[in-house]
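J.: below is the structure, and that's it, no one-letter string:
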């Protein structure tokens, strides 16, 4: 079976490296990330994880029968992830009520939802794989370079856990199967969505570090 | 708070009575339902319950934030209901593989999905409430009139359980809240969807009793 | 280029013949169709043509860029078709206000919309082709067997016109192109949708002849 | 009838003023806008207008029956607007083939589509009104302050024409009617969408002036 996820990753090597080298991750690994920066990320990612649930739901509605249970499980998992945010928010005094999405957070969510509604299941699934793969690789990067104890250890642990790795492996395998018999012309859209998702991920780190807000 | 669900039920009294008096239910209560009839219903309702999951998913995507967890729980519950079908299918030698939906089963599913995609959340929720309320009342009717032991006892128990009643109560309360501030003109569509859903439920019993299939 | 539309038609020969032999068409050709029957069809088909516009719209949103203009033109064409209904309704004293869809008309519309929202563009396009091809062939059948002058001549002329034939040819060609590179496994869903659409078309004639209404 | 569109405009006065004062508009009025800037805007707005057609289509599918024709007409109008872009692109040697959307253009389109698919018709319509109202006011601002002859006169004329003004008036009236009976709690989402749309419009001018591209 052709390993499409590897081809996609290979083609976007530069972009992937830019993500892994992003100051948000390197500073977090050095435990030098400013509290204010991490808090912004926490708030915005809380919104993002919350809004990932409707994304999964709309994907589920298009998914092949055997994958539906998986999507229900993913949603149950996202609810647990929200708990992790709420627990850490309380520990660190971060407010999670009445948050407004920053521009890139808003845009990224619109992109997820529009893709799930409008595009084919395979295309939506590509976005899902890419987003989760970025998270696995990004937090593994932090974990592997971590100096000392991070105040944000639970987040690092969450996205580098054995369970999360297996989930991302399953996504990769399933993506490969879904794309196996696709004609080349349909893979153009897949490539584009892979790249666009990774770009939004990069811009999400940027937003936190630069404290980007709506200018008006 | 105005009890809209009671108004809806009152307005459709005749239709509701026609459902409760349907031969499928009276024969099941008398334990005189032909095996072949019940098997057809089991197969078609298995398809229907299975396809109710994508319906819930698309509704979830439009649901107010506080209701999202409920929808995830409903989907988890539907998966357990599918297990109930599979267990009983095995016990009774009913085949659940490669089923084709009968016309009314196909139509009803299309109606659920189109409503969830196209209409407002409140409208989709009305369909959900109606379908579940028909099931509670229908199977309560069977339970209350049951002569002796039914070979289909587990289905009767499932939709008359305390848990299912509480779920339908919650649906009724939530519907009332959702419709509380709706202008009268929007309630026209709500009434129409309530009635249409109940009609499809009636036709579903009909299909089982008359063994309706695609004519060509 | 493989002519998929011909394969689909060939595989459903029996079903297609059942449509062409339907009493609604044979009686219309013999100018023996009861006025009341034709009026019911007119009312229900008016609803159907009207609701075909949102179907085209949701398809447009998923369509490849070069086809978008075609869909706008199709919608403009459907509006003209509605005019044809209104003109003939007036001529024949048929009421087109406050119509309620018969069960099969309701179901068929739900099927169109759900397919457009949920399935791939190619799948939605298959439904479109099938529905229009049934109309071309059905009304050609009437035209070719017509005894004398029909009071419903304008409808016969509408769906046997050179313009309509060219449109259906274009749909067939475009479908062939869309399916050209599809793997065999995806064609299973295409076949299924082709057949389901033709079945709904058959049941639509049935509904008119049998004056089928909601039983409750 | 309460004039909701005026309330919305009043509440966002600061934001509206920021849009009207944007350098893109003031420089265009002074005929000092760099050619390169205007070309970027032209390319990105071409993508945006093109993608506004699927947005209108998905809105049409949710629109009340009497508004459907309007949406078809709007789409026909957008196709003419695309012609205007193509004509001017040719005149000025601007390439419109194989364009990639800049981040804000991509994000804004996702926002349009997700709103049309997921939100109520009234909410989608609010986004439509806001986007068109920004264009009317922005280009009127240019027209009213125009020094001499602009090389981009046809664009100025397009969005300040009598026809366009009447269209935006119709949007305002229709919005007022749609919101007339809405409970206050539903207007919160309307306000939010109005503001978000205006913000995206502001960022669109920003993107052109700052030549914003994907950073990776």
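T.: Good, I have the coordinates. Owing to the predicted nature of the structure, the values given are computational and were not obtained by experimental measurement.
J.: CA atoms for contacts and neighbours, from now on please.
T.: OK.
J.: tell me where the model's unsure across chain A.
T.: Along chain A, the model assigns pLDDT under 70 to no residue.
J.: got the residues of it near chain D?
T.: Contact residues (Cα under 8 Å from any Cα of the partner chain) of chain A with chain D: A:15, A:18, A:107-108, A:110-111, A:113-114, A:117, A:199, A:202, A:214, A:216.
J.: go again using 10 Å as the cut-off
T.: Proximity of chain A to chain D, by Cα under 10 Å from any Cα of the partner chain, involves residues A:14-16, A:18-19, A:103-104, A:106-118, A:195-196, A:198-200, A:202-203, A:214-216.
J.: of those residues, buried ones?
T.: Neighbour counting with 16 or more other Cα atoms under 10 Å in any protein chain shown marks A:15-16, A:18-19, A:103-104, A:106-118, A:195-196, A:198-200, A:202-203 as buried within the residues of chain A next to chain D.
J.: so which of the residues of chain A next to chain D belong to helices?
T.: Counting by DSSP state H, the residues of chain A next to chain D place A:14-16, A:18-19, A:103-104, A:106-118, A:195-196, A:198-200, A:202-203 in helices.
J.: cross-check those against chain C and keep the overlap.
T.: With Cα under 10 Å from any Cα as the criterion, these include A:116, A:117, A:118 near chain C.
J.: of those, which is the nearest to chain D?
T.: Closest approach to chain D among those (Cα to the nearest Cα): residue A:117, at 7.1 Å.
J.: helices along chain A, start to end?
T.: Counting by DSSP H, the helices of chain A are A:4-11, A:13-20, A:23-29, A:35-62, A:68-92, A:103-118, A:121-144, A:153-158, A:162-179, A:184-210.
J.: and chain A, which residues reach chain B?
T.: By the rule Cα under 10 Å from any Cα, the part of chain A lying against chain B is A:50-63, A:65, A:68-69, A:71-73, A:75-76, A:79, A:113, A:117.
J.: any figure for the gap between the residue nearest the centre of chain A and residue A:163?
T.: The residue lying closest to the centre of chain A (Cα atoms, centre = their mean) is residue A:131, at 3.4 Å. Look at residue A:131 and residue A:163: by Cα to Cα, to the nearest Å, they are 16 Å apart.
J.: find the nearest non-adjacent residue to residue A:158, please.
T.: Take residue A:158 and drop its neighbours on the chain: the residue closest to it by Cα to Cα, 6 or more residues apart in numbering or on different chains is residue A:164, 7.4 Å away.
J.: ah, wrong one, I meant residue A:114
T.: The shortest distance from residue A:114 to any non-neighbouring residue, by Cα to Cα, 6+ apart, is to residue D:114 (4.8 Å).
J.: shouldn't the one you found be in contact with residue A:119?
T.: No. Here residue D:114 lies out of contact with residue A:119, judged by Cα atoms under 10 Å, at a distance of 11.8 Å.
J.: mutual contacts of the two, please.
T.: residue A:113 (Cα atoms under 10 Å, 6 or more residues apart in numbering or on different chains).
J.: against residue C:181, how distant is residue A:185?
T.: Distance from residue A:185 to residue C:181, by Cα to Cα: 9 Å.
J.: please apply the same query to residue A:105.
T.: 37 Å.
J.: in terms of neighbours, single out the busier of these two.
T.: residue A:105 (21 against 16; other Cα atoms under 10 Å in any protein chain shown).
J.: now do the same contact list for the more buried one.
T.: A:41, A:44, A:45, A:47, A:48, A:111, A:200, A:201, A:203, A:204, A:207.
J.: how about a cut-off of 8 Å?
T.: Going by Cα atoms under 8 Å, 6 or more residues apart in numbering or on different chains, residue A:105 touches A:44, A:45, A:47, A:48, A:204.
J.: and for residue A:212?
T.: Going by Cα under 8 Å, 6+ apart, residue A:212 touches A:102, A:103, A:206.
J.: same question, residue A:171
T.: Residue A:171 neighbours (Cα under 8 Å, 6+ apart): residue A:129.
J.: so it versus chain B, what's the distance?
T.: According to Cα to the nearest Cα, to the nearest Å, residue A:171 stands 20 Å off from chain B.
J.: do the same with residue A:88
T.: 21 Å.
J.: before we move on, back to that, most tightly packed of the helices of chain A?
T.: Using mean count of other Cα atoms under 10 Å in any protein chain shown, the stretch among those with the largest mean neighbour count is helix A:103-118, at a mean of 24.
J.: now it, how far from the centre of its chain.
T.: Its chain's C-alpha centre and that of helix A:103-118 lie 13 Å apart, by Cα atoms, centre = their mean, to the nearest Å.
J.: same deal with stretch A:23-39?
T.: Remark: stretch A:23-39 is offset 18 Å from the chain centroid, using Cα atoms, centre = their mean.
J.: which outside residues touch it?
T.: Contact with stretch A:23-39 is made by A:94, A:138-139, A:141-143, A:145-151, A:205-206, A:208-209, A:211, as judged by Cα under 8 Å, 6+ apart.
J.: at 10 Å instead, please
T.: Applying Cα under 10 Å, 6+ apart, the contact partners of stretch A:23-39 are A:19-21, A:41-42, A:44-45, A:89, A:92-96, A:138-153, A:156, A:202, A:204-211.
J.: for residue A:4, which non-adjacent residue is spatially closest?
T.: With Cα to Cα, 6+ apart, the residue lying closest to residue A:4 is residue A:176, at 5.3 Å.
J.: that neighbour contacts residue A:190, doesn't it?
T.: No. Under the criterion of Cα under 10 Å, residue A:176 is not in contact with residue A:190, lying 11.7 Å apart.
J.: intersection of neighbour lists for those two?
T.: residue A:126.
J.: show me what contacts the closest residue to residue A:156 other than its chain neighbours?
T.: In space, and not counting its chain neighbours, residue A:156 is closest to residue A:139: 5.7 Å by Cα to Cα, 6+ apart. By Cα under 10 Å, 6+ apart, the contact set of residue A:139 is A:20, A:25, A:28, A:29, A:145, A:155, A:156, A:157, A:158, A:159, A:160, A:161.
J.: can you rerun that using 8 Å?
T.: A:25, A:156, A:159, A:160.
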